[in-house]
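> dropping the sequence and predicted coords here.
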Amino acid sequence: MAEEKLNTEVPIEENGTPEPVNGHEEASEPSLTLEKDEGDGKKHEDDGKKDDDDGKEVSKKKKKKNKSKKKKEVPEQTDPPSIPVFPSGEFPEGEIQQYKDDNLWRTTSEEKRELERLEKPLYNSVRRAAEVHRQVRKYIKGILKPGMLMTDLCETLENTVRKLISENGLQAGIAFPTGCSLNWVAAHWTPNTGDKTVLHYDDVMKLDFGTHIDGYIVDSAFTVAFNPMFDPLLEASREATNTGIKECGIDVRLCDVGAAIQEVMESYEVEINGKVYQVKEYPKLEWT
């Protein structure tokens with residue numbers, strides 16, 4: 001950050017003409033104002049201690065501000081990622097959604113605010129798992145390409161999670177096997193050892209993986225498609241996901257969240273090989 005200078009004007013009257021003098025953040029000597037006495041030619045020295053104190057006070061404030069900024073800096077990551085996230089155990093807060101409607105009382109209740117403070121260790125566990133997930137997700141999106149073996153994709157992803165989360169038995173690690181379902185497979189497919197399935201240009205893949213700290217799971221999935229023909233489908237998925245996040249909150253009915261997501265999804269259409277399809281719910285989907 002460029003050094004800022006504190007500019008003060010100390011008048012020096014020479015023949016009745018004032019001239020400005022630049023000060024600095026930390027003055028090693030007091031600033032002086034020299035005045036020429038027209039009557040007897042004598043010079044009088046005026047103590048500039050006040051200006052010097054002001055300069056030092058501003059300098060101290062800037063140093064404190066810089067220190068607080070340094071504490072919040074996110075440590076730089078390698079490529080591929082290999083450095084565990086936030087070893088200090090203190091994690092920055094993410095996006096905070098405010099309570100609304102009937103839940104506003106949770107903001108004004110001192111008892112509820114105290115309960116929130118007591119839950120900080122739990123929140124830190126979730127934030128750590130979430131930050132690992134975010135960094136792995138970003139890395140994997142950058143290396144995905146047609147022609148990859150699905151087994152290689154899953155092994156790379158899971159090994160990266162292990163490094164960043166400092167895998168430790170049941171205390172920290174992968175939440176569940178990576179799902180990389182292709183095309184008509186809705187979810188929960190993962191390749192077995194020796195599987196030779198390859199990711200192709202015209203495939204639509206749902207990549208789903210999770211991280212956990214002390215049993216608290218962070219699970220997130222995203223859709224991957226290389227052919228621009230599927231861009232409207234990806235946009236529908238993103239918009240529906242964001243809508244669901246906005247609708248979430250304490251005491252919200254899950255059926256209402258699902259209804260909002262479905263409404264956004266079904267407002268989109270996708271043209272595939274010259275034929276237009278409406279995005280819609282898959283009926284009678286059975287989970288295995």
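Now that the structure is in, tell me what you want to look at. Numbering: from 1, shown residues only.

> find the nearest non-adjacent residue to residue 227, please.
Once flanking residues are discounted, residue 227 sits nearest to residue 202: 5.3 Å by C-beta to C-beta, 6 or more residues apart in numbering. For the C-beta atoms, the positions are set from N, CA and C on the backbone; glycine is no exception.

> what kind of secondary structure is the one you found in?
coil (DSSP: H, G, I helix; E, B strand; the rest coil).

> against residue 234, how distant is it?
Noted for residue 202: a distance of 14 Å to residue 234, by C-beta to C-beta, to the nearest Å.

> what about those two, which has more around it?
Neighbours per residue, other C-beta atoms under 10 Å: of residue 202 and residue 234, the larger number sits with residue 234, 16 against 11.

> how much space separates the more buried one from residue 203?
13 Å.

> list the residues that contact both of those two?
residue 225 (C-beta atoms under 8 Å, 6 or more residues apart in numbering).

> can you tell me how far the residue nearest to residue 227 is from residue 140?
Counting by C-beta to C-beta - residue 202 and residue 140 are separated by 20 Å.

> so residue 156 sits right up against residue 136, yeah?
No - if you go by C-beta atoms under 8 Å, residue 156 and residue 136 don't touch, sitting 9.6 Å apart.

> out of those two, which sits in the more crowded spot?
residue 136 (24 against 17).

> now that one: how far from residue 130?
Counting by C-beta to C-beta - residue 136 and residue 130 are separated by 11 Å.

> overlap in contacts of these two?
Joint contacts of residue 136 and residue 130 (C-beta under 8 Å, 6+ apart) are residue 211.

> with just CA atoms, put the one helix or strand residue 115 maps to into CSV.
Residue 115 belongs to helix 110-118 when assigned by DSSP states H and E. The C-alpha trace of helix 110-118 is given here as CSV (Å, rounded to 0.1, in the frame of the first residue of the first chain):
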residue,chain,number,x,y,z
GLU,A,110,-30.7,-11.0,24.3
GLU,A,111,-31.1,-14.7,25.1
LYS,A,112,-31.0,-15.7,21.5
ARG,A,113,-28.0,-13.6,20.8
GLU,A,114,-26.2,-15.3,23.7
LEU,A,115,-27.1,-18.7,22.3
GLU,A,116,-25.6,-17.6,19.0
ARG,A,117,-22.3,-16.7,20.8
LEU,A,118,-22.2,-20.1,22.5
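
> what pLDDT, on average, does it get?
For helix 110-118, the mean pLDDT works out to 76.

> give me the number of residues near residue 210?
Residues lying near residue 210 (other C-beta under 10 Å) number 19.

> my guess is residue 264 contacts residue 238. True?
No - look at residue 264 against residue 238 with C-beta under 8 Å: they stay out of range, at 9.8 Å.

> okay, the two: which has more neighbours?
Neighbour count, other C-beta under 10 Å: between residue 264 and residue 238, residue 264 has more, with 18 against 13.

> how about that one, secondary structure?
Per three-state DSSP, residue 264 ends up helix.

> give me every residue that touches it.
Contacts for residue 264 (C-beta under 8 Å, 6+ apart) come out as 236, 239-240, 243.

> and residue 280, how far is that from residue 114?
Using C-beta to C-beta, one gets 46 Å for the distance from residue 280 to residue 114.

> let's test this: mean pLDDT of the helix or strand containing residue 160, rounded?
Per DSSP H and E: residue 160 is located in helix 150-165. Here helix 150-165 scores 95 as its mean pLDDT.

> re the thing from before, pull out the buried residues from the helix holding residue 115.
Within helix 110-118, no residue is scored as buried using 16 or more other C-beta atoms under 10 Å.

> can you name the next helix or strand after that helix?
helix 120-143.

> what residues does that next one touch?
For helix 120-143, the external contacting residues (C-beta under 8 Å, 6+ apart) are 77, 79-81, 85-86, 89-94, 153, 156-157, 160-161, 164-165, 207, 209-214, 216-218, 220, 222, 224.

> how about it: buried residues?
Neighbour-count burial for helix 120-143 flags 124-137, 139-140 (criterion: 16+ other C-beta under 10 Å).

> again with stretch 264-271
Those would be 264-265, 268, 270, for stretch 264-271 by 16+ other C-beta under 10 Å.
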